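>>> Sharing a sequence plus its predicted fold:
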Amino acid sequence: MGFGDLKSASGLKVLNEFLADKSYIEGYVPSQADVAVFDALSGAPSADLFHALRWYNHIKSYEKKKASLPGVKKPLGKYGPVNIEDTTDSALKEAKEDDDDDDIDLFGSDDEEESEDSKKIREERLAQYESKKSKKPALIAKSSILLDVKPWDDETDMSKLEECVRTIQMEGLLWGSSKLVPVGYGIKKLQIQCVVEDDKVGTDVLEEKITAFEDFVQSMDVAAFNKI
């Protein structure tokens, strides 16, 4: 796995393709994984690499508090797309360890010499496993997110602000309860709960849509993020 040389055009292209459907290098909030990859760049990606550039500008906004981001920074080669060989090995390992498929022997005897016949049997058994696995219902990964939405000042109409936020409707997004929390000088922020399907809604998308109500919203932060 890995992006390769992130100071080269090929490495940046791999990074851009990797971020096409992701908000962050790992997970759904900024972490030390993003810091490790960010620090490996020589500068901002070019405008045509818009996925990488979006991510770069977002992580750059955390520059003064990178050390406080969660996670443990790993070597750069530990991040990035997975090689086909790694994917195959992982699939075979998962298949071997699946408690529901003890009746399928993917590997046969350790002493069995690999031959054309044994390879054919192994492929048939792997196909059996994939067939059984495909029939299992897919689990939908969801997260509960608590957002802090901050107004410009104490004269901002908070009822209108919340109304604007709740007009954001997306597949995989469900708004929950909310409350106003004092932050000082008569200013209150909106704390609002939502549940999202991880594959369909990211925090960067929510931030982009909420801060688009620029007459009311000064900024948005993720106050809490929990997998369901």
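Looks like it arrived, so ask away.
>>> Of all the residues in the top helix by length along the chain, which ones are buried?
Assignment by DSSP state H gives helix 116-134 as the longest helix of the chain. By neighbour count on 16 or more other C-beta atoms under 10 Å, the buried set for helix 116-134 is R122, R125, L126, Y129. Placement of C-beta: from N, CA and C, glycine included.
>>> now stretch 208-216
Quick answer for stretch 208-216 (16+ other C-beta under 10 Å): K209, I210, F213, F216.
>>> want to throw the buried residues of helix 116-134 into a markdown table with pLDDT and distance to E116?
Formatted as a markdown table, those follow (pLDDT from 0 to 100; distance: C-beta to C-beta, whole Å):
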| residue | pLDDT | distance to E116 |
| --- | --- | --- |
| R122 | 81 | 11 |
| R125 | 83 | 15 |
| L126 | 84 | 16 |
| Y129 | 77 | 21 |
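>>> which one of those is nearest S177?
Y129 (43.6 Å; C-beta to C-beta).
>>> hmm, back to that, out of the buried residues of stretch 208-216, who's nearest S61?
I210 (15.5 Å).
>>> So that closest one: helix, strand or coil?
helix (DSSP: H, G, I helix; E, B strand; the rest coil).
>>> Run through the residues that contact it.
L147, V149, V165, I168, V217, M220 (C-beta atoms under 8 Å, 6 or more residues apart in numbering).
>>> out of those residues, which is most surrounded?
V149 (26 neighbours; other C-beta atoms under 10 Å).
>>> Wait, that one touches A223, no?
No. Between V149 and A223 there is no contact under C-beta atoms under 8 Å: 9.9 Å.
>>> any idea of the mean pLDDT for stretch 30-47?
For stretch 30-47, the mean pLDDT works out to 92.
>>> hmm, back to that, tell me, what's touching V149 and A223 both at once?
Common neighbours of V149 and A223, using C-beta under 8 Å, 6+ apart, are Q191.
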